[in-house]
Structures are given as structure tokens and as C-alpha cells.
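Visitor: Fold the following, please.
(2 chains)
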There are 2 protein chains.
Amino acid sequence: MKPIEDCVIGIVGLGLMGGAVAMALRNCGAAGGALIGNSDTAAGGPVKGGLNNGAGRGRLLACDTDAETLKAALAEAVIDEGFSSPENMLPRCDLVFLCLNPSTLLRFLDTWMPAFKPLALITDIAGIKGNIVEAVETGLRPDLDFIPGHPMAGAEKGSFGNAKHVSFRGKNYILTPLKRNKSENLECLKALIYRMGFGRIIETTAAEHDSKIAFTSQLCHVIAAALIDCESDTGITRFGGGSFEDLTRIAMLNAPMWTELFLENRRELLGRIEQFEKSLDKLKNYIADEAEAALQENLLEVRERRTAMSG
Amino acid sequence: MKPIEDCVIGIVGLGLMGGAVAMALRNCGAAGGALIGNSDTAAGGPVKGGLNNGAGRGRLLACDTDAETLKAALAEAVIDEGFSSPENMLPRCDLVFLCLNPSTLLRFLDTWMPAFKPLALITDIAGIKGNIVEAVETGLRPDLDFIPGHPMAGAEKGSFGNAKHVSFRGKNYILTPLKRNKSENLECLKALIYRMGFGRIIETTAAEHDSKIAFTSQLCHVIAAALIDCESDTGITRFGGGSFEDLTRIAMLNAPMWTELFLENRRELLGRIEQFEKSLDKLKNYIADEAEAALQENLLEVRERRTAMSG
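Guide: From the prediction side, this is the model:
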């Protein structure tokens, strides 16, 4: 892999996350952009450098079906070139970020496999990894390298216009590398992720990813949705002190994408919902039975465990 | 009621919230303190003014059973005088903030009723109002005026030492006034609450307070506790992207106080838990049945409702 400044990097799908990835790549000096400030401060946000200034020989390209998005990204100097179809972009890219919903991603790979540049490195950002790893392990063109990834960041409101609100700073980035991945490609991607501002990279299996994410992400979104579902009074926030707002902010979710994630990972997610229901039931029974000592002891344990989780 | 600058104000219980109330009172110029900056910027936080500088004739007093807390509050110029027992403090106070857990509060009122200054105004900050309103309506000394209140603010870590982390800025403050409250006292307290930095005062009944708070506050704490209860891996935050952290921050709760709040308001809280369980079950069934259209429609409704709640 050539130096990242000299790479041509392509973003497929310039939505909320694709846009944030593009901004972070530009700001950290990858793909020909100027390196602005310390590399560890790079993250999503308005582009600080301006159009490719030739600091490297690389270019930042993007394809999206929405012409307005491409126009905006070009006007804001987030990308060097925009494409309405990947046909002419993919053959030029040393590295491709697939920033699509899981099902779209699999269809895209299937359709455009022949168009990728020989020996290209591909990665994705989808919130579920099992099905993607399976597809890549069985069907990828032999010369290509695909490292599945999941940046643990986002924002309530979707689309490229909100990408500047996504912060990568100090966030977790999960990679589920395959045995066939070239170690130099993996090192190159990891270095780039840190340059984009992420604080920690976790390398794990797709199975562990999907199990843990079912808890930390999907279950939390289901709970937030259920909390909003069970209260029709939209004036309820007059009685809010922060807890309700914090627990339900993520209920402003991208419904089609989360439907896909919930269903695709349903086995893990249903298991997590059931575990949660058991714990909720236990607390409910303590309250109904006025089991003061048991309730207080349970709350103390919870406090200690949550405090340990922060450490 | 005399001008608030000239009032002697007493705080009973200088814990997290009592300390935050004292800091906000001092910073907003009540009880003899200097008014620092705009009144609407006053809130909890380190005292900006310094010891009572005589801008008014008032004084800020506090009693607490912990000698170290009083020493710290005096050293930080948060209060003018500290008392280990309310005996010598209460007879001097025009306005008293009872910053105690609900059960302690009721015992305190019962024990110290004779010691309050004639015509004193009393208020509290407890997170449940039904039992307090009942006690006050039946047992208060006839010359005293008690306006029950609930500032919707807090912090994960308790005690006076963390009071500076509590922000009142723009927060909600619920009052459940009684028919017997003097209107001039109510106006005086409301003006003071806004000066302390709160953004909105909601006047309602104790019954409505307890019903709404069972949802916005207590149910959220039960859910956060259940989420932590059902996962023993304290390294799970390596897979966190913010949702899990936001949903469970309040699980670092004050176990004895929340045990009391849950049990005291158990009828309302159990009703809210059951409503939530129904919504959770509905979502779970959509996922189990792979009911894609219904799930997506439900998530869209949730998104719209939560967005309306923010407005």
C-alpha cells in the first residue's frame, strides 16, 4: 500500500456517516489533503483544509445517487470529485469506504465487484458484521482485500448535511478482520483510523461484534423507542430533568436502517431483550413486594458495576 | 416577605442538592450575597462572590449532621454559618430549604415544627410530592407556609463535594402549591427560582407530579439499572458508541434515596413499568416475527414523536 497521502480514496454513499468519514479523511491529510493541526485532533466537522492542495498525490472521490449531495460536498471542498455512478470511480481507488446500509452494501458489492481496482483495499462501516463477513469470505474477488469495520459514532439526524455534527474524537472503532486480510493493509487502515480521530480500535470476530453490539447499541435503541412508544404526551419534557432526554435522544433514529439492523441481528438482539426483561422484572417485583433491602442491595450492585464500566 | 437580599435563608441538609441550592443562592445574590453577573446565569457551581459581603442584610445558614461538610462549606464561602443541629438555626430563618430524602424530611418536620420562625416560608426538593403534601396539609403549624417543590437537576455522584457539578441552568423546577399558600410567598419563591438559573417553573398538583415523574425520572432509573443488571462484563464499554453510556449514566444512583423514591411512588411507577413493558414486547414481537413493515412504521412514529417532544 502506498503512503496514505498518495492514495486515491473513494467513498461510496455520502450520507451522514459517509460524509463524516470524508471530512475526517480530508482533515487528517489523507488522500492528498493538507494535514491541518495535530493528527489526533482530526475528526468529523467542517473541512479545515480546502480543496486538495497537492500535499500528496492522492485524491478523495465519492459517489452518491443524490446530485445535490455531491454538489454540496464539492462546494464545501470535502471531496475532489463526485460521481453519480461508481462505474468510473472504483477503477481509480486504492482504498474504498463503503458507507451504505447493510443490505444495500451486499447488493453493491455483488453488482460492482468487477469494477474495483486490482489489489484495492475495501472497508465498510455497517453496524452488523456477520452477514458481511460471510459474503466477503465466500464471494470476494481474489485480488481484493476487504476489512470489515464499524465506527461507533453517529448523530440523530441523517444525511450529508448533518455529517459535521458527527464527532469521531476518542470514539471506538471495531474491526473484524478476516484471516485472508493482508497484515500491511490492516496496519495501514488502523493508522488511518487513529489519524481520523478515533481513540480505540477493537479487533474482534464478527460473532462477538454482533453479540456485543446487540447489547450496547441495538438493545439501547429498542429501549429508547419503547420509552417513547408508551407515552403519547409530547409535553412530557416539561417534567424532564435530563434522564428521560438522555435515554430517548437515540429514539430519533433512521427507521429504515435500524429496522434492517434489528432484523438482520435478530437472534442476538432477541436474546439481549430477554435478558433485559428478566432484570427489569426482578426490579419490578422488588418494588411491588416492597422488598426494600433486596431493592437497595441490587441498586448498590448496579451502581458499583456501572462505575467499574466507566473506569 | 422582605426582599430576598435581606432574608435569612436556611438550608437543612448540605448534600449534593442542598449544596447546589446553597451555591445558587449565594451566586444569585440572595441572602446577603453579592449579585455576580446576570441573574439568569446563576446556577450551581463554585461560589463566585465570596463570603456574605453585606450587599443585603440577609444571611445564608445551613445545618448538617456532618461536621466536615459544614467546614468545607464555610471554607468555600458557600454559607455564612453552619449548625450541627437545627435548634439554633430554624428560629432565625425567613425561608428554609429542606434538602433531605423524603422519609427524613417528614420526620424532620415532625420533630422540629415548633422551632421554625413565626410566618416562615418552607420549601423542599424531594422527588416525590404526594406524601409530603398530605403531611403538610394535615399537620403544619398554622402560621407557617410550605410550598412543595422539585428542582429537576442532579448529578451521578452524591455529597456536598460534588454539588458544584450540578447545573440548574435552564432546567425545570416543579412546584405543587397548596391552596393555603400565600400568593406573595409563591411569587417570591418563583422569582428566586428563576434567579437561581432555572429555565421553567411548572405549577401542578402533587398527583400529576408523581405520575409524570414516575415516567420521566423513576422509570428511566429503573431501566438504566436493569440494563446494567443484565450484563456482567464490565469491559462492555469497549463496544460502546455513546448510546449505552447515555442510557446508563444514571445507573450510578444514590441507592438508598432511589429505593425510597421507587417504593414511595410504587403504584405510579409499577403502572409506568407495565406500559413500557407492553411497548417493549410489541417491538420484540415485530423483530421475532420479522414484521419489517410494522417495525419500520413504529420506529418512524417514535422518531416523529420524540422530535415533537424536543420542540
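Visitor: Show the pLDDT at residue A:46.
Guide: pLDDT recorded at residue A:46 is 55.
Visitor: let me fix that: residue A:41
Guide: With respect to pLDDT, residue A:41 scores 36.
Visitor: Equivalent analysis for residue A:157, please.
Guide: Reading off the per-residue confidence, residue A:157 sits at a pLDDT of 83.
Visitor: What count of nearby residues applies to it?
Guide: 12 (other CB atoms under 10 Å in any protein chain shown). Quick note: C-beta positions are derived from backbone N, CA and C, even for glycine.
Visitor: I figured it hits residue A:252, correct?
Guide: Yes: counting by CB atoms under 8 Å, residue A:157 sits close enough to residue A:252 to count as a contact (7.1 Å).
Visitor: so what's in contact with these two at the same time?
Guide: Counting by CB atoms under 8 Å, 6 or more residues apart in numbering or on different chains, residue A:157 and residue A:252 have no common neighbour.
Visitor: got the buried residues for stretch A:155-175?
Guide: By neighbour count, and taking 16 or more other CB atoms under 10 Å in any protein chain shown as the criterion, the buried residues in stretch A:155-175 are A:155-156, A:158, A:160, A:162-164, A:166-169, A:171-175.
Visitor: Apologies, that question was intended for stretch A:269-280.
Guide: Residues of stretch A:269-280 classed as buried by neighbour count (16+ other CB under 10 Å): A:269, A:270, A:272, A:273, A:275, A:276, A:277, A:279, A:280.
Visitor: now do stretch A:181-192
Guide: Residues A:181, A:185, A:186, A:188, A:189, A:190, A:192 are the ones in stretch A:181-192 that count as buried (16+ other CB under 10 Å).
Visitor: between these, which is nearest residue B:227?
Guide: Ranking the buried residues of stretch A:181-192 by separation from residue B:227, with CB to CB as the measure, puts residue A:190 on top at 30.7 Å.
Visitor: Spatially, and excluding backbone neighbours, which residue is closest to the closest one.
Guide: If you skip the residues right next to it in sequence, residue A:190 has residue A:201 as its closest partner in space, 5.5 Å away by CB to CB, 6 or more residues apart in numbering or on different chains.
Visitor: re the thing from before, which of the buried residues of stretch A:269-280 fall in strands?
Guide: Using DSSP state E, the subset of the buried residues of stretch A:269-280 located in strands is empty.
Visitor: Would you check which of those are in contact with chain B?
Guide: With CB under 8 Å from any CB of the partner chain as the criterion, the buried residues of stretch A:269-280 include A:269, A:270, A:272, A:273, A:275, A:276, A:277, A:279, A:280 near chain B.
Visitor: Low-confidence stretches in the stretch 201-311 of chain A?
Guide: Scanning the stretch 201-311 of chain A with the threshold set as pLDDT under 70 gives A:311.
Visitor: In it, what residue lies closest to chain B?
Guide: Shortest the stretch 201-311 of chain A-to-chain B distance, computed as CB to the nearest CB: residue-wise this is residue A:241, at 3.0 Å.
Visitor: Quick check: that residue touching residue B:216?
Guide: Yes: Residue A:241 lies in contact with residue B:216 (CB under 8 Å); the separation is 6.9 Å.
Visitor: Number of residues surrounding residue A:201?
Guide: A total of 16 residues lie near residue A:201 under the criterion other CB under 10 Å.
Visitor: element containing it, please.
Guide: strand A:200-203 (DSSP states H and E).
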